[in-house]
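Q: Here is a sequence together with a model predicted from it:
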Amino acid sequence: MASGKNHIKGPKKRTPEDDEHFSESFERMIHMAIQNREGENNGKECLSTLIEFLKATSCTYY
């Protein structure tokens, strides 16, 4: 029978490096989405609005 202690450990804690990696990946994803929509006039406006929103809400991931 397996040890019952494994369920107590829980998920690993986030590190500042994890946050930085997420931030870089998220930014790349947003830029790729905008490049895919280059034909639309509001692509850059959407990005700046999204960035302002994220800064205002101090967005973090869990």
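A: Sure thing, it's come through. Numbering: from 1, shown residues only.
Q: just for this structure, where's the confidence low?
A: Along the chain, the parts satisfying pLDDT under 70 run over 1-11, 36-46, 56-62.
Q: can you give me the helices in it?
A: 6-9, 16-36, 43-57 (DSSP state H).
Q: Include mean neighbour count when you put these into JSON lines, please.
A: Every residue, glycine included, has its C-beta placed from N, CA and C. Shown next, in JSON lines, are the helices of the chain (neighbours: other C-beta atoms under 10 Å):
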{"stretch": "helix 6-9", "mean neighbour count": "7"}
{"stretch": "helix 16-36", "mean neighbour count": "11"}
{"stretch": "helix 43-57", "mean neighbour count": "11"}
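Q: and residue 30, what does it touch?
A: 47, 50 (C-beta atoms under 8 Å, 6 or more residues apart in numbering).
Q: State the distance from it to residue 15.
A: 23 Å (C-beta to C-beta, to the nearest Å).
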